[in-house]
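# How does the following fold in three dimensions:
(2 chains)
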Amino acid sequence: MDVAFLTIAELNRLYRQRELSPVEVTKALLARIAAHDAKLHSFLRLTEGVALREAAEAERELMAGHWRGPMHGIPYALKDIVETAGIPTTGHSKLRQDYVPAADAELVTRLKAGGGVMLGKLATWEFALGGPSFDLPWPPARNPWNPDHLPGGSSSGAGAAVAAGFVPGAIGTDTGGSIRGPAALCGIAGIKPTYGRVSRRGVFPNTFSMDHCGPLCRSAEDIALFLQVIAGFDPEDPGSEDVPVPDYTATLNDGVRGLRLGLVDDWYRDAPHPDLAPAIDAAAEVLRGLGAVVEPVKLSSLRDYTDCKTTISSVELFAIHEHDLRTRPEDFGRILRNRVLPGALIRGEDYLEALRWRTTLAQEQARALQHCDAFITAAALNVADRADPNALDRLVSAPSVTMPFSVGGLPAIAIPCGFSAAEGLPLSLQIAAAPFGEATVLRIAHAYQQATDWHQRHPNLA
Amino acid sequence: MTSENRTDLTHLPPSTPDEIRAMLRHAGIELPEELLQQFVAAWLNFEAMVRRIPRSRGYAEEPAHSYRPERIVRG
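So this is what the prediction gives:
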């Protein structure tokens, strides 16, 4: 049996039926990574010994009838800003090339308790911000659909590894779109949960007030299973919220009939890629056909949301990296350095005005959500970029379609909704709902995936 | 907020390279010349961004991240 593209849901079923074992799956995926990752660079470090030990343990427990939950015996990998006790956590940066944490991040503790099998640490843009960079100790990850293209970022290795069939799920982080962007550009699913839903403790910060952790998988159903294990209150994370975690699979099959979906079409109507708007409009039609009421909704411009988010991030990033910038600026990659240094020149009143603007923008989203159950829009405004070391940095100049829901702190998922005709690269739909409305987001995404097959298409690595 | 009632700082002229160098010096940042030149080129987009932030809010319009003592001060 070729296990490369089995989903977490399918692996659970096959484990229960004893048709497949965690050790078999782990060995097969490690072999696939060994055969193909030299051209994708999605992993910075394989933890083969840990993986085989955890897989053997899971196999013993499952054979004894002890099931720890939906990640039991399931291989996963971690973006390399997520701390792992005794295993280097580099941030894909020369600055932390030799850093070995003493403790696991809280979400790793939860995955271990849930019986997950860690395959390794994944490429990222430098400290989840500076990239794609070609001047770091490791090369940038490449897109499995076409290795001449990039997988997006900053959870670049996570997007590439899941799409390539190296691992059924991975942990990414998302401050302005770093889970949803790679998911979109690699043709997989990725969710940024509500701010405070998943603990950030033990994860290298980007922007304290907007950092989120979440899974990337190949289906919305798998996202539900993975999120179930990592979601929940952490009293040691000051941003964590003490809100009960529902059973994300309980409403997954409820369909969308009667749901009101606000289509934010202004954000993608003039997108640079000609295939994008028709693909999102077609996805909206699918949801209409399933019984949802889809109506246009107006929110502030992407320029406004991008300016607000990036101003806040710039200041917080500088505070995080200030010491290294003053003492060893040449050890930063060029892109990270030039994205972090501006924070030194942004005044306190500018930062505070941006935080006050954030309140206004979030309230605008809350008002709109009084009239609809969720927003739908694009998850990326173009297909994956070509890998070009001399490309201009567009962090500030190009508005982002993922940042609005970072500003709002809303749960938002990216799922594939087509492929571009010219390049054959994925296009992606974004769905967002009210705070702690992950179940609603997943229900809509799952309904769409039951009616379409975009998520079942996979790149050919041969 | 529409552009008609926005109060921002977009009317200000872009900083000159010398002004940017001076601002960095005042911030206590010292960079090798090559890195300094890279930053001077990068800063102008950030400066324009910050100047687009709407100002003159009412006193009741509080920042998004407020202090919550029960999350920080635990017995």
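# for chain B, what are the nearby residues on chain A?
Proximity of chain A to chain B, by Cβ under 8 Å from any Cβ of the partner chain, involves residues A:209, A:235, A:238, A:300, A:303-304, A:307-308, A:310-311, A:314, A:325-326, A:329-330, A:334, A:337-339, A:341-342, A:344-346, A:350, A:352-360, A:362, A:393, A:396-397. The way it works is simple: take the backbone N, C-alpha and C, and place the C-beta from them, glycine included.
# Only whichever of the residues you listed are buried, select them in ChimeraX.
This is how ChimeraX selects the buried members of those, with burial counted by 16 or more other Cβ atoms under 10 Å in any protein chain shown:
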select /A:209,300,304,307,308,310,311,314,325,329,334,337,338,339,341,342,344,345,346,350,352,353,354,355,356,357,358,359,360,362,393,396
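# Worst mean pLDDT across the helices and strands of chain B, which element?
Least confident helix or strand of chain B, by mean pLDDT, DSSP states H and E, is helix B:69-72 with a mean of 79.
# contact partners of that helix?
A:P238 (Cβ atoms under 8 Å, 6 or more residues apart in numbering or on different chains).
# Now do the same contact list for the residue located most distally from the centre of chain A.
Residue farthest from the centre of chain A, counting by Cα atoms, centre = their mean, is A:A64 at 34.2 Å. For A:A64, the contact set (Cβ under 8 Å, 6+ apart) is empty.
# Could you tell me which of the residues of chain A next to chain B are located in helices?
Residues of the residues of chain A next to chain B located in helices (DSSP state H): A:303-304, A:307-308, A:310-311, A:314, A:325-326, A:334, A:337-339, A:350, A:352-360, A:362.
# in which helix or strand would I find A:G120?
strand A:117-122 (DSSP states H and E).
# Let me know the helix or strand that A:L261 is in.
Assigned by DSSP H and E, A:L261 belongs to strand A:260-263.
# in the following helix or strand past that strand, what's buried?
Moving toward the C-terminus from strand A:260-263, the next helix or strand (DSSP H and E) is helix A:276-289. By neighbour count on 16+ other Cβ under 10 Å, the buried set for helix A:276-289 is A:L276, A:A277, A:A279, A:I280, A:A283, A:A284, A:V286, A:L287.
# Tell me the gap between the following helix or strand past helix A:276-289 and the middle of its chain.
Sequence-wise, the next helix or strand beyond helix A:276-289 is strand A:293-296, with elements assigned using DSSP H and E. Distance, stretch centre to chain centre, for strand A:293-296: 26 Å (Cα atoms, centre = their mean, to the nearest Å).
# Next: stretch A:183-198.
That offset, for stretch A:183-198, works out to 4 Å (Cα atoms, centre = their mean).
# Equivalent analysis for stretch A:176-194, please.
Taking mean C-alpha positions (Cα atoms, centre = their mean), stretch A:176-194 and its chain are 4 Å apart.
# So which residues on chain B come close to chain A?
B:1, B:20, B:23-24, B:27-32, B:35, B:38-39, B:42-43, B:45-50, B:52-55, B:57, B:61-65, B:71-72, B:74.
# mind running it again at 6 Å?
B:23, B:27, B:29, B:31, B:35, B:38-39, B:42-43, B:45-46, B:49-50, B:52-53, B:55, B:57, B:61, B:63-65, B:71 (Cβ under 6 Å from any Cβ of the partner chain).
# Please spell out the ChimeraX selection for the buried subset of those.
A single ChimeraX command is used to select the members of the residues of chain B next to chain A judged buried by 16+ other Cβ under 10 Å:
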select /B:29,31,35,38,39,42,43,45,46,49,50,52,53,57,63,64
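# so the residue nearest to A:D242 when sequence neighbours are not counted, which of the three states?
Nearest non-adjacent residue to A:D242, counting by Cβ to Cβ, 6 or more residues apart in numbering or on different chains: A:F233, 4.4 Å away. Under DSSP: H, G, I helix; E, B strand; the rest coil, the three-state class of A:F233 is coil.
# Tell me where the longest helix sits in chain B.
Chain B, longest helix under DSSP H: helix B:33-51.
# now that one, how far from the centre of its chain.
12 Å.
# which one is the residue nearest the centre of chain B nearest to, not counting chain neighbours?
Closest residue to the average C-alpha location of chain B: B:V50 at 4.6 Å, with Cα atoms, centre = their mean. Nearest residue to B:V50 in three dimensions, chain neighbours excluded: A:D350, at 4.9 Å (Cβ to Cβ, 6+ apart).
# Could I get the pLDDT score of A:V396?
At A:V396, the model reports a pLDDT of 83.
# tell me the contacts of it?
Going by Cβ atoms under 6 Å, 6 or more residues apart in numbering or on different chains, A:V396 touches A:T310, B:N45, B:F46, B:M49.
# mind exporting the longest helix of chain B as CSV, just the C-alpha atoms?
Taking C-alpha atoms only, helix B:33-51 is exported to CSV below (Å, rounded to 0.1, in the frame of the first residue of the first chain):
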residue,chain,number,x,y,z
GLU,B,33,28.0,50.9,5.1
GLU,B,34,26.7,48.1,2.8
LEU,B,35,23.9,47.1,5.3
LEU,B,36,23.1,50.8,5.8
GLN,B,37,22.5,51.4,2.1
GLN,B,38,20.3,48.3,2.0
PHE,B,39,18.2,49.7,4.9
VAL,B,40,17.9,53.2,3.4
ALA,B,41,16.3,51.6,0.3
ALA,B,42,14.0,49.4,2.5
TRP,B,43,12.9,52.1,4.9
LEU,B,44,10.9,54.3,2.5
ASN,B,45,8.1,51.7,2.1
PHE,B,46,7.8,51.4,5.8
GLU,B,47,7.8,55.2,6.3
ALA,B,48,5.0,55.5,3.8
MET,B,49,3.1,52.7,5.6
VAL,B,50,3.3,54.4,9.0
ARG,B,51,2.3,57.7,7.6
